[in-house]
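**Student:** Give me the fold of what follows.
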Amino acid sequence: MNYPLKRNRIKAVWEWPLGGVGVVALLLVVYLLTLPPTLTWAHHGADGGDLVTAVARGSIPHPPGFPTYLLLGELFIRLPWGDPAWRLNLMSAVLAVGAVGLTAAAIRLLLRPGICNPQPATSNLQPPTSILHSPFSNLRRPQPRPGTAFL
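**Tutor:** Alright, predicted model coming up:
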């Protein structure tokens, strides 16, 4: 039997005007709920102490120095609540969620909806990968993969 495609199908979350914003906001809430309160040595977080100390003191961590991390960390370290490690954990979570949002927006704007699906932008930043690596101060975390948009 031949089953024709239905034209009145339910829209995917990313096709709604604020659907992408909702998914990114939900991911941010998950990250905030799983944010470590201070430094953590879990999941190869050995650079966390070095980076938090460097940002808090205005010094340079071990080579190569990570200038972008230090500059962005200066903004988050000035927040009035939490200890310095928690503030940089918050920065890592916000940057990971921002990467998801920007990747999904770029995929949606650059490619036609019939060709790609922006939803895979979040595929590498969902549990268990992201919960283990993104919400703490470290430089090793999963990144969104725009190439998965064609899957």
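**Student:** okay, CA-based contacts and neighbour counts for the rest of this
**Tutor:** Will do.
**Student:** any idea how far residue 64 is from the nearest residue to residue 21 once chain neighbours are set aside?
**Tutor:** What sits nearest to residue 21 in space, not counting adjacent residues and going by CA to CA, 6 or more residues apart in numbering, is residue 101, at 7.6 Å. When CA to CA, to the nearest Å is the yardstick, residue 101 and residue 64 sit 28 Å from each other.
**Student:** and what of residue 58?
**Tutor:** For residue 58, the distance to residue 64 equals 15 Å [CA to CA].
**Student:** okay, the two: which has more neighbours?
**Tutor:** Comparing residue 58 with residue 64 by neighbour count (other CA atoms under 10 Å), the higher total belongs to residue 58, at 13 against 7.
**Student:** Could you give me the buried positions within the host helix or strand of residue 21?
**Tutor:** Residue 21 belongs to helix 19-33 when assigned by DSSP states H and E. Of the residues in helix 19-33, those buried by neighbour count under the rule 16 or more other CA atoms under 10 Å are 20, 23-24, 27-28, 30-31.
**Student:** Give me the next element, helix or strand, following it.
**Tutor:** Next along the chain after helix 19-33, with elements defined by DSSP H and E, is helix 48-57.
**Student:** Let me see the ranges of the strands in the protein.
**Tutor:** In order along the chain, the chain carries no strands (DSSP state E).
**Student:** can you list the weak-confidence ranges in it?
**Tutor:** Judged by pLDDT under 70, the chain has its weakly predicted residues at 1-20, 41-46, 108, 111-151.
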